[in-house]
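Student: Prediction below, plus the sequence it came from.
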Amino acid sequence: MSVVDLARFMDELATESGQAILPFFRAHFGLDDKAHDGAAFDPVTEADRAAEVVLRNMIRQAFPTHGILGEEFGSERLDAECVWVLDPIDGTRAFIAGLPTWGTLIGLTKGGVAVRGMMHQPFLDERFSGDGASARLRSPRGERVLRTRRCEAVADAILATTDPRLFEEGEERDRFQSVQSAVRMARYGTDCYAYCMLAAGQIDLVVEAGLKPYDIVALIPIVEGAGGVVTAWDGGPATQGGRVVAAGDPRLHEAVLRQLNP
């Protein structure tokens with residue numbers, strides 16, 4: 001499949017999964033808690049499951065030899081060269097609350113490297129996509145190239161994180177707080193949308209912990225394609241999730257890594 005055909009296929013994945021999700025948004029629907037043994041609330045909705053079924057069926061039909069890793073239905077053929085990494089609704093809490101900061105994450109890895117990604121926000125009709133070399137936004141206002149903005153100093157940065165309570169108490173939370181206390185402004189509850197706003201040059205920094213691969217793989221090619229940097233806190237690859245830091249300016253990224261690793 002050519003690059004153009006692959007981009008078209010990802011658009012089709014976004015369109016079909018979006019059609020499965022939108023009837024549930026700001027409506028009454030079933031809700032389950034995936035958490036066990038007193039763990040924090042981990043919601044999953046009918047919309048999550050319906051969208052992932054659509055995505056998996058389309059991928060299996062088009063690429064029967066590819067692997068799939070999804071949030072709701074586990075993994076298959078992870079030893080394949082190409083593996084699709086899916087989160088049907090990243091930001092389920094926002095979805096439940098009727099806030100449009102959730103999105104569908106569709107990522108593709110080749111040889112373990114994140115090579116293409118899309119974040120689709122069907123309610124706003126926005127599609128952020130990237131291949132590591134370039135990134136674009138298509139919306140009702142048109143299509144444009146995404147570029148991160150210059151921001152060298154931590155003191156000048158706008159930071160986003162999903163929820164500061166998700167950092168483990170102790171050293172992990174203390175390290176995050178050291179960065180948060182140094183930035184110009186911090187915003188919470190943005191999930192995948194934060195990374196897309198970083199790629200669009202609206203914010204400068206995202207610091208998170210406890211991520212799964214399906215929370216981040218699709219976003220890496222978008223941020224990197226826009227000129228940003230995404231790594232683990234130790235500077236290694238972020239494809240496996242865990243502790244992740246993304247910055248629009250490589251100089252800011254280096255400064256934050258030093259602060260997270262005193």
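Tutor: The structure has been received and is ready for your questions. What you see is a predicted model, and the numbers here were worked out from it, not measured in a lab. Numbers count the residues shown, from 1 in each chain.

Student: and the closest residue to residue 158 other than its chain neighbours, which of the three is it?
Tutor: The shortest distance from residue 158 to any residue other than its chain neighbours is 4.3 Å, reached at residue 203 (Cβ to Cβ, 6 or more residues apart in numbering). For every residue, glycine as well, the C-beta is placed using N, CA and C. With DSSP: H, G, I helix; E, B strand; the rest coil as the basis, residue 203 sits in coil.

Student: In contact with residue 203: list those residues for me.
Tutor: By Cβ atoms under 8 Å, 6 or more residues apart in numbering, residue 203 lies in contact with 158-160, 187, 194, 197, 248.

Student: And for residue 12?
Tutor: Counting by Cβ under 8 Å, 6+ apart, residue 12 touches residue 58.

Student: and what of the one 5 residues further on?
Tutor: When contacts are counted by Cβ under 8 Å, 6+ apart, residue 17 is found next to 51-52, 54-55, 88, 104, 106, 120, 122.

Student: wait, is it part of a strand?
Tutor: No. Counting by three-state DSSP, residue 17 is located in no strand; its state is helix.

Student: From residue 83, how far off is residue 238?
Tutor: Distance of residue 238 to residue 83, given as Cβ to Cβ, to the nearest Å: 16 Å.

Student: So between the two, which is more surrounded?
Tutor: residue 238 (26 against 22; other Cβ atoms under 10 Å).

Student: Name the helix or strand of the protein that has the lowest mean pLDDT.
Tutor: Ranked by mean pLDDT, DSSP states H and E, the helix or strand of the chain with the weakest confidence is strand 31-33, at a mean of 54.

Student: can you give me the helices for the stretch 151-262 of the chain?
Tutor: 171-180, 191-199, 213-216, 220-225, 250-260 (DSSP state H, counting those that start in this stretch).

Student: I'd like to know which of the ones you listed is closest to residue 26.
Tutor: Residue 26 sits nearest to helix 191-199 of all the helices of the stretch 151-262 of the chain, at 16.9 Å, using Cβ to Cβ.

Student: Next up, the contacts around residue 94.
Tutor: Residues near residue 94 by Cβ under 8 Å, 6+ apart: 100-102, 189, 191.

Student: Kindly recompute the last result at 10 Å.
Tutor: Applying Cβ atoms under 10 Å, 6 or more residues apart in numbering to residue 94 gives the contacts 100-103, 162, 189-193.

Student: can those residues go into CSV with extra columns for neighbour count?
Tutor: Shown next, in CSV, are the contacts of residue 94 (neighbours: other Cβ atoms under 10 Å):
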residue, neighbour count
100, 16
101, 21
102, 28
103, 33
162, 25
189, 16
190, 22
191, 27
192, 28
193, 26
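
Student: is it possible to export these to JSON lines including pLDDT and distance to residue 15?
Tutor: Below are these laid out as JSON lines (pLDDT from 0 to 100; distance: Cβ to Cβ, whole Å):
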{"residue": "100", "pLDDT": "95", "distance to residue 15": "18"}
{"residue": "101", "pLDDT": "95", "distance to residue 15": "20"}
{"residue": "102", "pLDDT": "96", "distance to residue 15": "17"}
{"residue": "103", "pLDDT": "98", "distance to residue 15": "14"}
{"residue": "162", "pLDDT": "95", "distance to residue 15": "26"}
{"residue": "189", "pLDDT": "93", "distance to residue 15": "27"}
{"residue": "190", "pLDDT": "92", "distance to residue 15": "24"}
{"residue": "191", "pLDDT": "95", "distance to residue 15": "21"}
{"residue": "192", "pLDDT": "98", "distance to residue 15": "18"}
{"residue": "193", "pLDDT": "97", "distance to residue 15": "19"}
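
Student: Good, we can wrap up now.
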